[in-house]
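Engineer: got a sequence here, can you build the structure:
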Amino acid sequence: MESWERDDMVERFTLENAGYIAYSDMLDRLRTRFPSVPEWRLDQIVAAEHDAITGGILRIVPAEVESGAIEMLAREVESDGREDTLSDDGEVA
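Structural biologist: Numbering: from 1, shown residues only. As a prediction, this is how the structure comes out:
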């Protein structure tokens with residue numbers, strides 16, 4: 001058997017090991033960490049971070065998208081000083 005035909009030559013990895021996370025899991029963590037931020041705003045920030053990193057839409061995202069979204073949300077919540085400025089219907093309260 002040739003060396004290139006051997007199955008053990010293929011390196012197996014999980015999505016997490018490759019730096020990807022499930023989109024829905026990330027949103028759950030963001031909702032838990034930023035409960036006062038409306039879902040539409042979380043989606044908006046995650047989409048912006050994802051597009052900045054990948055330029056496309058996927059159901060798995062690079063782990064850096066969550067880190068970037070956390071940074072942006074933390075700055076937004078801290079700079080407002082009020083967590084009730086955004087409502088779930090997409091309007092500023």
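Engineer: what is the longest helix along the chain packed up against?
Structural biologist: Taking residue count as the measure and DSSP state H as the definition, the longest helix of the chain comes out as helix 63-80. Contacts defined by 3 or more C-beta pairs under 8 Å, 6 or more residues apart in numbering; DSSP states H and E place helix 63-80 against strand 20-22, helix 23-33, helix 39-54. Any C-beta I mention is one placed from the backbone N, CA and C, and that applies to glycine too.
Engineer: just the buried residues of the second one, please?
Structural biologist: Applying a neighbour-count criterion of 16 or more other C-beta atoms under 10 Å, the buried positions in helix 23-33 are 23, 26-27, 30.
Engineer: equivalent analysis for stretch 67-78, please.
Structural biologist: Going by neighbour count (16+ other C-beta under 10 Å), the buried part of stretch 67-78 is 68-70, 72-73, 76-77.
Engineer: next one: stretch 42-50
Structural biologist: For stretch 42-50, burial by neighbour count (16+ other C-beta under 10 Å) applies to 42, 45-46, 49-50.
Engineer: picking up where we left off before, dump the buried residues of stretch 67-78 into CSV; add distance to Pro35 and pLDDT as well.
Structural biologist: Written out in CSV, the entries for these read as follows (distance: C-beta to C-beta, whole Å; pLDDT from 0 to 100):
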residue, distance to Pro35, pLDDT
Gly68, 20, 91
Ala69, 15, 91
Ile70, 14, 92
Met72, 16, 91
Leu73, 11, 92
Glu76, 14, 90
Val77, 11, 89
